[in-house]
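[1] got a predicted structure plus its sequence, pasted below:
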Amino acid sequence: MAEWLRSGLQSRVHRFDSGPGLHRHLDDMTERPPDSVIRRYRRVLLLVVIAVVVALAWFSGPVEKTPPAPTREDIRSQRGLP
């Protein structure tokens, strides 16, 4: 009984010990792809950005300016008021 009280509510199940072979080494995680792959990805990304900009410019069409709202003076002059 005393031994049970000393251990409290701790789990008596054996915990899984992950050995060093189960983790990736830091060197494996920091490997970079070859420069040719990086250059290809940059080129594709640049082409995608250019295509999006051109598509936005093409489909937006010309910008039409709306006339400014009439001022109080304009309304008074139209109605013939001083």
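    Alright, I've got the coordinates.
[2] sketch out the low-pLDDT regions of the chain for me.
    Within the chain, the stretches with pLDDT under 70 are 1-30, 82.
[3] remind me, longest helix of it?
    Identified as the longest helix of the chain according to DSSP state H is helix 35-60.
[4] helices or strands up against it?
    With contacts defined as 3 or more CB pairs under 8 Å, 6 or more residues apart in numbering; DSSP states H and E, helix 35-60 has no helix or strand neighbours. The way it works is simple: take the backbone N, C-alpha and C, and place the C-beta from them, glycine included.
[5] tabulate the CA atom coordinates of the helix or strand that it is followed by in PDB.
    On the C-terminal side of helix 35-60, the nearest following helix or strand under DSSP states H and E is helix 72-79. What follows is helix 72-79 as a C-alpha-only set of coordinates in PDB (Å, rounded to 0.1, in the frame of the first residue of the first chain):
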ATOM      1  CA  ARG A  72     -24.300  72.700 -54.600                       C
ATOM      2  CA  GLU A  73     -23.300  75.600 -56.900                       C
ATOM      3  CA  ASP A  74     -23.900  73.400 -60.000                       C
ATOM      4  CA  ILE A  75     -27.400  72.400 -58.700                       C
ATOM      5  CA  ARG A  76     -28.300  76.000 -57.900                       C
ATOM      6  CA  SER A  77     -27.200  77.200 -61.300                       C
ATOM      7  CA  GLN A  78     -29.200  74.500 -63.100                       C
ATOM      8  CA  ARG A  79     -32.300  75.500 -61.100                       C
END
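[6] how many other residues sit next to Pro33?
    Pro33 has 9 neighbours, counted by other CB atoms under 10 Å.
[7] identify the residues contacting it.
    Neighbour list for Pro33: empty [criterion: CB atoms under 8 Å, 6 or more residues apart in numbering].
[8] again, but for Arg32
    So Arg32 contacts Ile38 (CB under 8 Å, 6+ apart).
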